[in-house]
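*Asks:* A predicted structure for the sequence below; I have some questions about it.
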Amino acid sequence: MAEFLTDITTLRERARQKIEEGPITAAYGADRERVIEVLNEALATEIVCTLRYKRHYFMAKGIHAEGVAAEFLEHAQDEQQHADRIAERITQLGGAPDFSPDGLATRSHAEYVEGDTLEDMIREDLVAERIAIDSYKEIILYLGDKDPTSRRLMEDILATEEEHADDMANLLEDLGRH
Ligand SMILES: [Fe+2]
Ligand SMILES: [Fe+2]
């Protein structure tokens, strides 16, 4: 039963070593530098998505599409929250979250597309969500069992991106019916 568990004395000794590493212990199985890099790409994606949804929110409001605008705003707020949670995890790993506007669009997986019409905006948001879904799935697979906390965070975010994609697909369908 206890075979796969490290004995308690060893665990306690290990915990006292390198305490400056915070939550990162000897059992951390991932390549920390690489995980920080990957999370910074996800952070850039979230920032770009926040900005795009913000732009779409104000533009939709301007053309009196209040229902759609409200949806854009809600998504902008979700993406902002995702960015914050990823940044927090990066600092827990001893890294520095990259908020630099230089190269932001290149670091991001999803694109910033303004879109001319309401339909364009919704379609671009759907495309961006689908890119995020694919790249987050890859990140989750990469993290595997090596960093369960980062993996759970990304799984949680992935679930919201799937809801976002579904929302955008429904809006697009509604628009087509009118
Ligand atoms: Fe997000
Ligand atoms: Fe999203």
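*Replies:* Okay, I see it. Ligands and ions are numbered 1, 2, ... in the order given.

*Asks:* C-alpha from now on. contacts and neighbour counts both.
*Replies:* OK.

*Asks:* so what touches the helix or strand bottoming out on mean pLDDT in the chain?
*Replies:* The weakest-scoring helix or strand in the chain, judged by mean pLDDT, DSSP states H and E, is helix 8-16 (a mean of 76). With contact meaning CA atoms under 8 Å, 6 or more residues apart in numbering, helix 8-16 is reached by 25-26.

*Asks:* cool, stretch 144-153 as well?
*Replies:* For stretch 144-153, contacts defined as CA under 8 Å, 6+ apart pick out 28-30, 85-86, 89, 139-140, 143.

*Asks:* mind redoing it with 7 Å?
*Replies:* With CA atoms under 7 Å, 6 or more residues apart in numbering as the contact definition, stretch 144-153 has outside contacts at 28-30, 140, 143.

*Asks:* list the buried ones in that stretch?
*Replies:* Residues 147, 150-151 are the ones in stretch 144-153 that count as buried (16 or more other CA atoms under 10 Å).

*Asks:* which of the contacts of stretch 144-153 has the largest number of neighbours?
*Replies:* Among those, the one with the most neighbours (other CA atoms under 10 Å) is residue 143, at 21 neighbours.

*Asks:* which element is the residue nearest to it when sequence neighbours are not counted on?
*Replies:* With sequence-adjacent residues excluded and distances taken as CA to CA, 6 or more residues apart in numbering, residue 143 is closest to residue 151, at 5.8 Å. Residue 151 belongs to helix 148-177 when assigned by DSSP states H and E.

*Asks:* before we move on, back to that, export the buried residues of stretch 144-153 to CSV and append columns for pLDDT and distance to residue 49.
*Replies:* Shown next, in CSV, are these (pLDDT from 0 to 100; distance: CA to CA, whole Å):
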residue, pLDDT, distance to residue 49
147, 95, 25
150, 97, 20
151, 97, 20
